[in-house]
Structure formats: C-alpha cells, structure tokens
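Participant: A structural model of the following input is requested.
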Amino acid sequence: MHLLVCHHGLWGNAEHLQFLTNAISQRQPDLKLLCCNSNRGINTLDGIDVCGDRIVRDILELLQSEPSITEISFLGYSLGGLICRYAIGKLFAHGTFSSVQPRLFVTMATPHLGSELPKVSMWKPHVAFFNRAFNTLTRTFTSRTGHQLTLRDQYHDGLPLLIMMADHDSCFIQGLQLFARRACFVNVQNDPTVRFTTGSIEHSNPYRKRPAEVIDPQYPSIVRIVPSEDAVLVSRPFNPTDIPKYGMFILLAPVFITIALTALSSYALYHRANRISGIDVENEWFKEFKQKALTESCKDVLDSTTTGEAESHQHISALLTQESTNIRHWMVDNLNRLGWEKVHVRLEQRRAHAGIVVRRASDKTTDQVSYLVDKYFTDLDFVSTAKK
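Facilitator: All right, here's what the predicted structure looks like:
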C-alpha cells in the first residue's frame, strides 16, 4: 500500500487541501491518504520542528497499525512543505525508510529559503513599508514559527533551523535524496506571501524582466520563461490609482497590525505550553546527527561572510535580511543538488497563494491541480506501485 501524507499551511487545516486531495483520490483510489490535522490552526505557530514532530508521531502510529504500507509520498502546501521536509529528516534518522520506500515529494508555494522580504530603497516607500511590516508581522504574529521562517532562531549551535535543513550532509537532505521524484510548484505572480525565489529555490526571479509563455494549452496556468532570443523585456506600468491605495495602506496598516499582534500573539503564547506537551522541543534526537548537520562547509560559509565574529547570531541575522547573501546562495545551491522538477504557475487572481491549491470555493482556476494529478499521479510506475 502507498501512503500519501498531505499537510496544510500556516493557520490552516486539512479542509484547505480538500479539492486537491479529492482530485488525487479520484485518480488513485488505492492511495492511503493521511491529511494531517494535528497542526491545525494556531498549532502551526509552535515551530516547524514541533509541527514536524507531531506528524512524525502520526505517521509512525499509522505505519505500526497498518504494516501493509510499503511506500510513502508527501505533499506539502506553504508551511506544510517545510514541516514535511523536517519530518522526512526525522523519519530518516529513525530508520523508517529502511522498511518504507520514499516515492514522491511535492511542495506547493512553500518558502524553502524562508519568508523574509528584502530591504527596498526608500524611493519606493510603499514597497519598503510593506516589506518591513511583513517581516515584523511574520516574526511577531507567527511566534516561534515566524522566527524560524525569517532565520532568526537558534536551532542548533546558534544556527537557524532552515540552514540546518539545507546542509547537504544533514539527515534532512539525506532523507529527501531517497525520494524518486521531487517537485515544487510556485506562483510567478500575485503571491506576496511566498515569493518566487524562495518557492522555486532560485537566486533570482526571471519573470521580473522577461515574459512567460504557456507550455501546454490544456494547462493555461503552467508557464515558462520565453527563450532569450524571443524575449521582450516587460515592466509593470505606473498606475495612478496605486497612490490612494498604497496611501491608505500606509496610514491604516500600523493600527491593524498592532491590534492583531497584541491580541493573537498573546493568545498563542498563553496556550503554547499546553499545545506542545509531550513533544521533544529540545530535539534530543537531533544531537545524534549534529556532527553531520553542522558541517565544515556550513562553517566556511559563515566565516566568509563576517569580519571577526563569524558565528555571531546577530551578524547572521543582518546578512539574511539582504536579498543575495552567501548563506542564501549556499542554501539554494545545496537544495538544488537534489534535483527538482520546478513547475511555474501563473494565476491572474489576486490571492494566488490560496488559489494554487484551490483553497476556496471562489477559486475558479483549477488546471494547475489537473496538471499535478496528470503528471505526478498517473505515471505507470507510480500506479503499479500504488496498487501493490
């Protein structure tokens, strides 16, 4: 039997992936689906590692109760992709993949490099303000998870969790390496939550200056960059209607942000102790792999980016606020060594982050889900192994 583990995003629940899982189930009714709900809602604020520990517990309990499961795949949406990556590392460390074969790993709009937006020149005040507000909101509003998403945590030896998860000698990468296929779906526009570079594990976004073209008319939302010889530089023209829109945002956003941060963060912190009872917050299991996770290559990158205080947490944090840093390039290069099938999705709706998985009934564009099902869940080898 083939187990497919699906995980929702931040503040989400299993219902957010209902359209997606229904489409997969219709195509592959023999798949065993585990739509993780132990991290629903506010539980996603506890940290990528704590959330990952919860689904590892769910997976191990299911494997124990159903020994007929011999293969496993993962599908993670948004934050769920990082939670799945963490869970894969822990399952690898525990030796789970010696008896259960890893098959397919797919992420959709997942911030593989974190979620912090870059600093922008004050000549674009609305963008600069939005980026700064978004970064502050992420760190404060999303509690422990937000610090991990912005690489401001100290998971092990003063280094952020996402850096540890990108180390090519870590259990996280070694676990991912075992999967037969790895794919990441990413929005090319209208997704300020997960920008293209972090969702597609790239150094830059080529769609900022070059047009896109549809690959197959059957899937009009799936695009690629127009070849360089045919490309025409494109740019978004100035729209006078943006002035009152951004002006209103700059005036009102601080008020709403302050109220939201105070109320929701206080609520999350107050209830956190009860939510994480029984979870290995100190990550004792990881200490067995720290020599692999903290490699000399990782230390070399940090040393090359500092002047005297190479392992200073404050200095690393300052570097990571930039769009291009040695550390981010190192993360991109390490993750890309795995080999990914990268699928670029262009949705015209304003909330493309929700639309990529058809999270709401109002999301009318669904061909990206059809593409996922057709290309990743109808492969003959996949079908034959799923029906064993």
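Participant: C-alpha from now on. contacts and neighbour counts both.
Facilitator: OK.
Participant: Could I get the full set of strands for the protein?
Facilitator: For the chain, the strands defined by DSSP state E occupy 2-7, 32-35, 71-77, 101-108, 181-187, 212-216, 219-225, 341-345.
Participant: tell me the average confidence for the fifth one?
Facilitator: Read it as strand 181-187. Summarised as a single mean, pLDDT over strand 181-187 is 98.
Participant: what packs against it?
Facilitator: Here strand 181-187 is seen to pack against strand 101-108, helix 196-200, strand 341-345 when contacts are counted using 3 or more C-alpha pairs under 8 Å, 6 or more residues apart in numbering; DSSP states H and E.
Participant: Could you list the alpha-carbon positions for the last one in PDB?
Facilitator: It refers to strand 341-345. Coordinates of the C-alpha atoms in strand 341-345 are reproduced here as PDB (Å, rounded to 0.1, in the frame of the first residue of the first chain):
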ATOM      1  CA  GLU A 341      11.100  19.400 -11.100                       C
ATOM      2  CA  LYS A 342      10.100  23.000 -10.900                       C
ATOM      3  CA  VAL A 343       6.600  24.000 -12.000                       C
ATOM      4  CA  HIS A 344       5.800  27.600 -12.600                       C
ATOM      5  CA  VAL A 345       2.100  28.600 -12.000                       C
END
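Participant: surely residue 92 meets residue 171?
Facilitator: Yes: in this structure residue 92 lies within contact range of residue 171 using C-alpha atoms under 8 Å: 6.4 Å.
Participant: of the two, who's got more company?
Facilitator: Neighbour count, other C-alpha atoms under 10 Å: between residue 92 and residue 171, residue 171 has more, with 26 against 19.
Participant: The more buried one is in contact with residue 90, isn't it?
Facilitator: Yes: using C-alpha under 8 Å, residue 171 is in contact with residue 90, at 7.1 Å.
Participant: Residue ranges in the stretch 151-300 of the chain under the pLDDT threshold?
Facilitator: With pLDDT under 70 as the threshold, the stretch 151-300 of the chain has low-confidence stretches at 228-282, 287-300.
Participant: circling back to that earlier point, wait, which of the strands of the chain is closest to residue 195?
Facilitator: Proximity to residue 195, assessed across these by C-alpha to C-alpha, is greatest for strand 181-187 (7.5 Å).
Participant: Okay, angle between that closest one and strand 219-225 too, please.
Facilitator: Strand 181-187 runs at 100 degrees relative to strand 219-225, counting by axes from the mean of the first three to the mean of the last three C-alpha atoms, to 10 degrees.
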